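Trainee: structure of the sequence below:
(one chain, ligands or ions: 3)
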Amino acid sequence: MAEIFDNLTLHTDAYEINMMQTYFQQGKQNRRSVFEVYFRKMPFGNGFGIFAGLEHVINYIKDINFTDEDIAFLRKDGDYSESFLKYLSNFKFQGTIRSAVEGDLVFNNEPILQVEGNVCECQLVETAILNIVNYQTLIATKAARIRLACDKDPLLEFGSRRAQETSASLWGARAAYIGGFDATSNVLAGKEFGIPISGTHAHSLVEFFQDDYLAFKAYAESHHECVFLVDTFDTIKSGVPNAIRVAKEMGDKINFAGVRIDSGDMAYLSKRVREMLDDAGFPNAKIYASNDLDEQTITSLKMQDAKIDVWGIGTKLITCFDQPALGAVYKMVSAENDEGKMIDTIKLSNNAEKVSTPGKKQVWRITEKKDGKSEGDYISFSDEDPRKQQSIYMFHPQFTYINKTLNDFDAKPLLKTIFEDGELVYNQPSLKSIKEFSNKVLSSLWPEYKRELNPQEYPVDLSLKCWQNKMEIIKDVHETIKNKIEKGKGEL
Ligand SMILES: Nc1ncnc2c1ncn2[C@@H]1O[C@H](COP(=O)(O)OP(=O)(O)OP(=O)(O)O)[C@@H](O)[C@H]1O
Ligand SMILES: O=P(O)(O)OC[C@H]1O[C@H](OP(=O)(O)OP(=O)(O)O)[C@H](O)[C@@H]1O
Ligand SMILES: O=C(O)c1cccnc1
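Mentor: Ligands and ions are numbered 1, 2, ... in the order given. This is a model prediction of the structure:
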C-alpha cells in the first residue's frame, strides 16, 4: 500500500524540527524526556472511547529516516545548520513507546500513549502520532456508537467517497471495523487489512439501462449474489416489483439477498417493502438501508419499528460529522535537567481542565473481582503498582469528596510497551482479534456508560501520590513566578 505506508518522517510540523535544532545547538539533544497523549473531552458526548491507530503508528515509527532528499529539502527550505542536518541524516528513533492497544477502552484525561526518549525524537513524532491517533480513535468510537444503536444487525462501511482524502478512507475503514462494523465497500482496505468487502450497485446502473427491470436482470445475469437498489424511480411502484420479478425469473441461478433503499421515509418504505417481499415468497430477502444514516437516525428508525436488516453508513461515520476532531494533545510530563535528574513538568492554564498532570504515568483499569465489571481507571506514577495493594482508594481529582475504597479488585495496566529503545517489542494481533477484543472489553462496561444520550461519567482518578505531586507543582510554579515578578526578573 504505497501511498499510506510511505515514509512519513517529514510529516511533522516545522516547529518540531525547529525545537530539535535548538536542543541540538545547546548540546541537549540526548536529554531524556517523557510525553503523553490524552484527550480532554469524550467525543460525541459518549461514555467511552475505543482506541485505534497503533498499527499505523508502528509503521510510521519503524520507517523514520531522513533521506538525502529530505535533508536537501530542509537545507533549501528550512533555517537549519549543516551540523544539525548531519545529525538528522543519522537520526533513528531509539525511544520507548507505551500505548493502549487497539480496540481497548479509553477515557478522557488519561494517558493513552506515552513516548519516552531523547527530547529530539520525542518532539519529532508529536504531529504524526496525534494525527493518526486522533482520527482513528474518533472513527472507532463513532463506529462503536453506531454498532450499539443497531444491536447485532450487519453494518457496512460506505464512507470512501466522502472521506477527507484517500488515507482517511482506508484507515477509517479499518478503525470502523475495530469499532464494530462488519464490512467495508473499499476494496483496497479489504485487500490490505483483510476486512470483508461488500457491495451492491449504484443508481447509475439503473440510469444506464433506463429501466429497473432491465438493470436488475442484467445484474442478475452477471452476478450470483444480488441486492437490487430499488429507489431510482419509484421504490414501491417500480423498484421492488421489478426486483421481485427478476428474482422469480432467475430462481436458483441467483441468491436474491435483498433490496437497498437509499431515499425517502425509511420507516414507511421498509415496512411496505417487507410486506411486498414476504407476500412474493421472499421472507429471507433482506432490506438494506443507506442515506446519511448515523446512530441517531438508526435509533429513531428502530423506534418506528422500521424493517431494516442491514445498515450502510458513509458520510456521518467517516467524516465524524457531529464532531470532526478528537482534540487529543501531546504534553511533556517529565524531562532531564542539567544535573541529569528527571524532573516532572507541567503545562498550566486558567482552565482547570487544561492543566496537565506531571510525571511519567501508567493507567490501571480497575474492575470488581466478583463480576469483572468496571470500577474506573486509576492513573498512577509508572513505578506505583496497585496490584501490590490490599485496597485501593479512588477519588475524583476535582471533587475529592467523591471517593471510594475497593478491597476486592483487579487492576490491569492500560499502557503496554510497544517499542523499547527503538526496537519493536509488541506483537500486533490480527485485525480480527483486535475487533473481538474490543467487543469483549465493551461488555465489561456497565450499560450506564454505554447509552447514546447523556451516559454516566466513567471515573478516571489519580493516585494520591500523583494528585499531591500535581498540587505541589502547581503551587511551586505559582510561587516561582510570583517571586520572579517581585524581584523584577520576570517582567511580562
Ligand atoms: N422515518 C425516518 N425517521 C428518521 N429519519 C429518517 C426517516 N426516513 C429517512 N430518514 C433520514 O432522514 C434524512 C433525510 O431523508 P430524505 O428522504 O429527505 O433524504 P434525501 O436525501 O433528501 O432524499 P432524496 O435522496 O430523495 O433526495 C436521511 O438522513 C434519512 O436517512
Ligand atoms: O449516505 P451515506 O451514509 O454517505 O452513504 C453512502 C452513500 O453513497 C451512495 O450515494 P451516492 O449518491 O454517492 O451514489 P448512489 O446513490 O448513486 O449509489 C449510497 O447510495 C449512499 O447513500
Ligand atoms: O455497495 C453499496 O451499496 C455502496 C457502496 C458505497 C457507497 N454507497 C453504497
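
Trainee: excluding covalently adjacent residues, which one is nearest to whatever residue of the stretch 51-200 of the chain ends up closest to ligand 2?
Mentor: Using CB to the nearest ligand atom, the single residue of the stretch 51-200 of the chain nearest to ligand 2 is residue 158, 4.0 Å away. Any C-beta I mention is one placed from the backbone N, CA and C, and that applies to glycine too. Spatial nearest neighbour of residue 158, chain neighbours left out: residue 314 (3.8 Å); criterion: CB to CB, 6 or more residues apart in numbering.

Trainee: now that neighbour: phi and psi?
Mentor: phi -120, psi -100 (degrees, to the nearest 10).

Trainee: same question for residue 50.
Mentor: phi -110, psi 120.

Trainee: the closest residue to it other than its chain neighbours sits in which helix or strand?
Mentor: In space, and not counting its chain neighbours, residue 50 is closest to residue 140: 3.9 Å by CB to CB, 6+ apart. In this structure, residue 140 sits in helix 126-149 according to DSSP states H and E.

Trainee: hmm, residue 255 is touching residue 226, no?
Mentor: Yes: using CB atoms under 8 Å, residue 255 makes contact with residue 226 at a distance of 6.6 Å.

Trainee: neighbour count for these two, which is higher?
Mentor: residue 226 (23 against 16; other CB atoms under 10 Å).

Trainee: on the three-state scheme, that one is what?
Mentor: Classification of residue 226 using DSSP: H, G, I helix; E, B strand; the rest coil returns strand.

Trainee: bridged to it, which residues?
Mentor: Assessed by DSSP bridges, residue 226 has beta-bridge partners residue 256.

Trainee: what about residue 320, distance to residue 168?
Mentor: 10 Å (CB to CB, to the nearest Å).

Trainee: residue 333 too?
Mentor: Distance from residue 333 to residue 168, by CB to CB: 30 Å.

Trainee: kindly report the same for residue 262.
Mentor: Distance from residue 262 to residue 168, by CB to CB: 23 Å.

Trainee: ok, now residue 8?
Mentor: For residue 8, the distance to residue 168 - CB to CB - is 14 Å.

Trainee: on that earlier part again, contacts only, for the residue nearest to residue 158.
Mentor: Going by CB atoms under 8 Å, 6 or more residues apart in numbering, residue 314 touches 157, 158, 159, 160, 161, 162, 290, 292.

Trainee: so which of these reach ligand 3?
Mentor: Among those, the residues within reach of ligand 3 (CB under 6 Å from any ligand atom) are 158, 290.

Trainee: helix or strand right after the helix holding residue 140?
Mentor: Assigned by DSSP H and E, the successor of helix 126-149 is strand 155-157.

Trainee: what helices or strands is that following strand leaning on?
Mentor: helix 126-149, helix 166-179, strand 183-184, strand 310-313 (3 or more CB pairs under 8 Å, 6 or more residues apart in numbering; DSSP states H and E).

Trainee: skipping its backbone neighbours, what lies nearest residue 163 in space?
Mentor: The shortest distance from residue 163 to any non-neighbouring residue, by CB to CB, 6+ apart, is to residue 169 (3.6 Å).

Trainee: which of the contacts of residue 314 count as buried?
Mentor: Burial by neighbour count, 16 or more other CB atoms under 10 Å: within the contacts of residue 314 this picks out 157, 158, 159, 160, 162, 290.

Trainee: is the last one in contact with residue 312, as I believe?
Mentor: Yes: using CB under 8 Å as the test, residue 290 is close enough to residue 312 to be in contact (3.6 Å).

Trainee: list the contacts of the residue lying closest to residue 174 once chain neighbours are set aside.
Mentor: The shortest distance from residue 174 to any residue other than its chain neighbours is 4.9 Å, reached at residue 193 (CB to CB, 6+ apart). Residue 193 makes contact with 170, 173, 174, 177, 431, according to CB under 8 Å, 6+ apart.

Trainee: hey, where'd the strands end up in the stretch 201-350 of the chain?
Mentor: All strands of the stretch 201-350 of the chain, identified by DSSP state E, counting those that start in this stretch, fall at 225-229, 255-261, 286-289, 310-313, 329-336, 342-344.

Trainee: who wins for proximity to ligand 2 among the ones you listed?
Mentor: Of the strands of the stretch 201-350 of the chain, nearest to ligand 2 by CB to the nearest ligand atom is strand 310-313, at 5.2 Å.

Trainee: which elements pack onto that closest one?
Mentor: Here strand 310-313 touches strand 155-157, strand 286-289, going by 3+ CB pairs under 8 Å, 6+ apart.

Trainee: re earlier: the residue nearest to residue 163 against residue 159, yeah?
Mentor: Yes: counting by CB under 8 Å, residue 169 touches residue 159, with 6.1 Å between them.

Trainee: CA atoms only: put the helix or strand where residue 115 lies into CSV for me.
Mentor: Assessed by DSSP H and E, residue 115 sits inside strand 113-118. The C-alpha atoms that make up strand 113-118 are tabulated as CSV, following Å, rounded to 0.1, in the frame of the first residue of the first chain:
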residue,chain,number,x,y,z
LEU,A,113,0.1,6.7,24.6
GLN,A,114,3.4,7.6,26.0
VAL,A,115,6.7,8.4,24.3
GLU,A,116,10.0,8.3,26.3
GLY,A,117,13.3,9.0,24.7
ASN,A,118,15.7,11.8,23.9
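
Trainee: and the angle from it to strand 329-336?
Mentor: Between strand 113-118 and strand 329-336, the angle comes out at 40 degrees (axes from the mean of the first three to the mean of the last three CA atoms, to 10 degrees).

Trainee: so which residues of the stretch 201-350 of the chain form helices?
Mentor: Assigned by DSSP state H, counting those that start in this stretch, the helices in the stretch 201-350 of the chain fall at 203-209, 212-222, 240-250, 266-279, 295-303, 315-318.

Trainee: can the second one be said to contact ligand 2?
Mentor: No: legend: contact between helix 212-222 and ligand 2 by CB under 6 Å from any ligand atom is lacking; minimum distance shown is 12.3 Å.

Trainee: start the count at 581 instead of 1 going forward.
Mentor: From this message on, residue numbering opens at 581, which makes the last subject helix 792-802.

Trainee: contacts for that helix?
Mentor: Against helix 792-802 from outside (CB under 8 Å, 6+ apart): 781, 785-786, 788-789, 806, 808, 810, 812-813, 818-819, 822-823, 825-827, 829-830, 833-834.

Trainee: can you turn the buried part of those into a PyMOL selection?
Mentor: The buried subset of these, as determined by 16+ other CB under 10 Å, is captured in PyMOL by this line:
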select buried, resi 781+785+786+789+806+808+810+812+818+819+822+823+826+827+830+834
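
Trainee: out of the contacts of helix 792-802, which are close to ligand 3?
Mentor: Okay, of the contacts of helix 792-802, nothing touches ligand 3 (CB under 6 Å from any ligand atom).

Trainee: do the helix holding residue 720 and ligand 1 meet?
Mentor: No: Helix 706-729 stays clear of ligand 1 (CB under 6 Å from any ligand atom), getting no nearer than 12.4 Å.

Trainee: tally of neighbours for residue 1051?
Mentor: 11.

Trainee: checking it next. Helix, strand or coil?
Mentor: helix.

Trainee: any idea how far residue 929 is from it?
Mentor: For residue 1051 relative to residue 929 (CB to CB), the value is 15 Å.

Trainee: ligand 3 contacts on the stretch 881-1030 of the chain?
Mentor: Near ligand 3, when you scan the stretch 881-1030 of the chain using CB under 6 Å from any ligand atom, you find 892, 894.
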